[in-house]
Structures are given as C-alpha cells and as structure tokens.
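>>> coordinates for the following, if possible.
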Amino acid sequence: MLRRSARSFGKALKAAELTRSFASVEKADCVVIGAGVVGLAVARQLALGGRDVLVLESAPTFGTGTSSRNSEVIHAGIYYPPDSLKAAFCVRGRELLYNYCSERGIPHRQVGKLIVATGPSEVPKLSNLMNHGVRNGVDGLRMMDGPEAMRMEPELQCLKALFSPVSGIVDSHSLMLSLVGEAESHRATFSYNTTVVGGHLEGNSLHLHVCETKNLDEHGSGQLPLRHELVLVPKVVVNSAGLSAPLLAKRFHGLNGQVIPPAYFARGHYFALANTKNPPFQHLIYPIPEDGGLGVHVTLDLNGQVKFGPDVEWIDGVDDISSFLNRFDYSVCASRAERFYLAIRKYYPNLKDGSLEPGYSGIRPKLSAPRQPTNDFVVQGEEIHGVPGLVNLFGIESPGLTSSMAIAEHTVAKFLT
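Residues are numbered from 1 along each chain as shown. Purely as a prediction, here's the structure:
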C-alpha cells in the first residue's frame, strides 16, 4: 500500500485537478470520512490497532459540524429504549469518556442532572424514564418529590424529579483535539478541505471519488454527478460523515439504495443567560422530552455560562453539496426567545424578561420524520449492504458525543478487526 502524508496526498489531488481529463487512482488501507467526534474516535481506534488511517474532511479543520454545535453533555443513558444501540453505546461510552478525560486531563465535570415533571400528566413519563434508565444499567438514579428537588435547586419549580448523578459536561473541543493528537501520534493522516463526493463498486471493492472542497463551488447546489479529481481504493471505509452520511452513501453507485435510510434534519437553537455572575442552577435541568428532542433544557459549560436549548425546527430542501460542505443556516433569530421564555418558565419561573441572548444553533442528523418515533443509531456493515470493508454510520445524533468512543470500539471490533 502506498502511504501518503497529508502534504503528498494534497499534491496528488492538485496533480489530478490539473489534468482534469482523468482522475488518478491511489490505494489506501483505512479511510475515515468525516472528522467529527465519532470519526476521530474511529480513526484513533484504528490507528491504535496498527492500521494506516487516512481521515478525509471537507472542512478546514475537525469538528466544525454537529460535534461543536451541541450541549456538550455527557449523558447517562436514560432516554433510550432498552436493548437499543443508543442505550448500549451511551452507557459504555460514558464510562470510556470519563476515564479518557480523567487520564488525559481533558476538562469535564460530573455535575448531575434533574429531569423534571412540572405538571401531573408528566409524572408517569418520568417513571417511564426511570424504568428505561434502570433497565439500561444507569447507576444511582433516584426519584425525588418536588420539595426535595427544589431544596437541591432553589430556583427550580417542579412536582417531581428524576436525579441522575452520573450525568456531566465536557469540553468537546479539547476532547477532539486529544483524539486527533493521539491518532496522529499513531501515524494517522488528516486531509482537510477534501471532500468525498461519491464512489462506485468494482467487484467487491468500493472506489471513493475525492476532490478538493474549493472545487465543489463550481457545481452550485445541483444534484448532478460531481466531478472528482482522485479515486481512492481503500481496504476499509468508515462513512462517518454525520449530516451527509446517508446522502453520500446514495452516491456510492452499485450500493443497494434500499438499505440507506432517508435523511431528515432538525435545527436546534440555543440562548445564553446574560449577565450571570451567579448561575441559578448547579445541575443540568431537563424537562420531559418532546418530539424530535429532549426539550429546552438548562446546560452549564465549564466556564460557568448558562445556556438554554435546543428547540426543534425541522428543515427540508437540503441538497447534497450543502450537506457535504455544512452550508446550513446556523443563525439564531432573536425573536425565537419568546418561545424559550414560555418553555423555560415552566421550571424556572423567575427567569427575567430580557435575560436571554442569542447563542448558537446546531443540526441533528435524524432518520425519522416529524411526529414519528425516534430511530436508533444505524451501524451498518457488510452483512447488510454486502460490501466488504464498508461501515456506514447513520443517524448519529444525541447521544453521539457521549457514545463516540463506544461506537468506535464496537465498529472496529465487530467489522474491521
């Protein structure tokens, strides 16, 4: 196998671009598509196992998509149906993540979480969450009456609460930086500004179509075949492209399209609490989950900033190139704050008018439509699609950050060892 440094790989792309008449062909061992937290964890796991790893990322650096636009919460594993991948990966991933962060000095804190019922109709739902968590193996869960929860958090208003002591927060950028460094120290190569625009099967081998990101601008937003400048023929491909993973898989010509789930996108906005010298809460505060998300909740960051979010705004009309290049609208309209005040005051009635300011937004990669049950993670290997060495990771939304190291562990052990 011809192993290239990031610089020589870039030269291969540049040379292929200059010829334009045909795409050069290169062989590789393992290619990971996407440098979000899950892709980085997979790359690290492969590199630790002695594989030659090449990570292709369309953005100028790692973690610019969903991995850096979330609540940065380490989830316990409460919300997810027993025996689901989300439940298994969240519980295992939480353990791996806490250990990893502790051993490497990555900023994190086990602050605990209260999931609150603010009306009588929500109390049975809280009991269901408790049962889910216990069946999923979450330790330390405890149901509290309202007065006990409000003694713990004086600004809180609720009838009942479920306390999860193992929930926490993490500096996701520091985590990803550590994963990159460890992968690179084990000879993984990262090629940024490099987009996989499709591929084709020759026999049992997947050939990836690759181009420099800047050249996709020439295509506008069309869905036509995209010109590529390099063909990579890897032994192993992990499609960890996040928001664009299903759309990219549909461009793998020869892959059975029936096994690729439809992609849906849900934008979530965050607002920050302004002028907070003394944060009103010391724990994460979550309402009962809503359609498409976990509800507008209180999150704390490691600098003491209090954030509320995310809400759920379903979006459509996303073309392939916009998805590949993360060209989503991440703006936060100040007028959305009115809905946030209504939602937050159900459990934080003392929230003052004018105290919320626009923060940031993120996009969830969903596999289920609005008002449909939330789908599980999809980790798809040869037994499903028939292509040796290809693993598709679809619908890695929350708890993807918490689950990242468990997904990597499972993917490499089951499919790529």
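
>>> so which residues of the stretch 151-300 of the chain form strands?
160-164, 168-170, 189-191, 194-202, 205-212, 230-239, 252-253, 264-273, 284-286, 297-300 (DSSP state E, counting those that start in this stretch).

>>> sorry, wrong one. I was asking about the stretch 301-417 of the chain.
Using DSSP E, counting those that start in this stretch, strands in the stretch 301-417 of the chain cover 306-309, 313-315, 356-366, 378-380, 390-394.

>>> so which of these is the most surrounded?
Using mean count of other CB atoms under 10 Å, the stretch among the strands of the stretch 301-417 of the chain with the largest mean neighbour count is strand 390-394, at a mean of 25. No exception for glycine: its C-beta is placed from N, CA and C like everyone else's.

>>> tell me what that one is packed against?
Applying 3 or more CB pairs under 8 Å, 6 or more residues apart in numbering; DSSP states H and E, one finds that strand 390-394 contacts strand 230-239, helix 245-249, strand 378-380, helix 400-415.

>>> quick one: closest of those to Asn278.
helix 400-415 (27.8 Å; CB to CB).

>>> can you list the buried residues in the closest one?
Neighbour counts using 16 or more other CB atoms under 10 Å place 400-412, 415 of helix 400-415 among the buried residues.

>>> re earlier: Val111 is nearest to which of the helices and strands packed on strand 390-394?
Per CB to CB, nearest to Val111 of the helices and strands packed on strand 390-394: helix 400-415, 14.1 Å.

>>> and the angle from that closest one to strand 230-239?
Using axes from the mean of the first three to the mean of the last three CA atoms, to 10 degrees, the inter-axis angle of helix 400-415 relative to strand 230-239 is 100 degrees.

>>> could you check the angle helix 400-415 makes with strand 390-394?
Using the same axes, to 10 degrees, helix 400-415 lies at 160 degrees relative to strand 390-394.

>>> any idea how far helix 400-415 is from the chain center?
Centre-to-centre, helix 400-415 and its host chain are 12 Å apart (CA atoms, centre = their mean, to the nearest Å).

>>> just the CA trace of that helix, in PDB.
Once non-C-alpha atoms are left out, helix 400-415 reads as follows in PDB (Å, rounded to 0.1, in the frame of the first residue of the first chain):
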ATOM      1  CA  GLY A 400     -23.400  10.700  19.800                       C
ATOM      2  CA  LEU A 401     -20.800  12.700  21.700                       C
ATOM      3  CA  THR A 402     -21.200  10.500  24.800                       C
ATOM      4  CA  SER A 403     -21.300   7.400  22.700                       C
ATOM      5  CA  SER A 404     -18.300   8.300  20.400                       C
ATOM      6  CA  MET A 405     -15.700   6.000  21.900                       C
ATOM      7  CA  ALA A 406     -18.100   3.100  22.300                       C
ATOM      8  CA  ILE A 407     -19.200   3.400  18.700                       C
ATOM      9  CA  ALA A 408     -15.500   3.400  17.700                       C
ATOM     10  CA  GLU A 409     -14.800   0.400  19.900                       C
ATOM     11  CA  HIS A 410     -17.800  -1.500  18.500                       C
ATOM     12  CA  THR A 411     -17.200  -0.600  14.900                       C
ATOM     13  CA  VAL A 412     -13.500  -1.600  14.900                       C
ATOM     14  CA  ALA A 413     -14.000  -4.800  16.900                       C
ATOM     15  CA  LYS A 414     -17.100  -6.100  15.000                       C
ATOM     16  CA  PHE A 415     -16.400  -5.100  11.500                       C
END
